[in-house]
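>>> Provided below are the primary sequence and the corresponding predicted coordinates.
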Amino acid sequence: MLHPARSQRTSLPISEAAVASKAAALADALNTFLYYFVADNEAARFQQKGNLEDVIIEAAKLGYMVLSQPSEWRFVHTPGSRGGDRVAVLCAGLVKVTHRDGTPYSTPKQVLAPTFARV
């Protein structure tokens, strides 16, 4: 990750087996209340559980990728000044908090603004 040769920098290794088993366990736990939002048949439940596991695995891979960066990053979930409007976060924003060497920026650098929708 901090190797002087850029080509030798790699992200944190992810254990596919460990992530898959934990994703399955989390999907099972989430399905205890998501169960009601699926058609009442075996195929629909099986497909939902598979899709949920896939989303959880992709989120874990993103987490490993973000943690592997030499800089510190943060997700932004606040809409800023939107008055009294109620909003839902569609996509979190991303800010870079530190330089590659770990020294903090005086103000974080916005890389991606959060996306919102009025509720």
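It's in. Since the structure is predicted, the reported quantities are computational estimates derived from the model, not experimental observations. Numbers count the residues shown, from 1 in each chain.
>>> next SSE after the lengthiest helix in the chain?
Ranked by residue count under DSSP state H, the longest helix found in the chain is helix 42-67. Once the chain leaves helix 42-67, the next helix or strand it forms, by DSSP states H and E, is strand 73-76.
>>> by contact count, what packs against that next one?
strand 93-98, strand 104-112 (3 or more C-beta pairs under 8 Å, 6 or more residues apart in numbering; DSSP states H and E). All C-beta spots, glycine's among them, are computed from the backbone N, C-alpha and C.
>>> so which of these comes closest to residue 58?
Across the helices and strands packed on strand 73-76, residue 58 has its closest neighbour in strand 93-98 (16.2 Å, C-beta to C-beta).
>>> which helices and strands does that closest one pack with?
Counting by 3+ C-beta pairs under 8 Å, 6+ apart, strand 93-98 packs on strand 73-76, strand 104-112.
>>> quick one: buried residues of the helix or strand following the first one?
Sequence-wise, the next helix or strand downstream of strand 73-76 (DSSP H and E) is strand 87-91. Of the residues in strand 87-91, none has enough neighbours to count as buried (16 or more other C-beta atoms under 10 Å).
>>> Adjust the sequence numbering to begin at 50 for everything that follows.
Yes, from this point I'll number from 50; that puts the last item at strand 136-140.
>>> among the helices and strands packed on strand 142-147, which is the most enclosed?
strand 122-125 (a mean of 15; mean count of other C-beta atoms under 10 Å).
>>> if you average pLDDT over it, what comes out?
Averaging pLDDT along strand 122-125 gives 88.
>>> Direction included, what does it pair against?
Looking at strand 122-125 with DSSP bridges, its partner strands are strand 142-147 (antiparallel).
>>> buried sites along stretch 79-99?
Result for stretch 79-99 [16+ other C-beta under 10 Å]: buried residues 80, 97-98.
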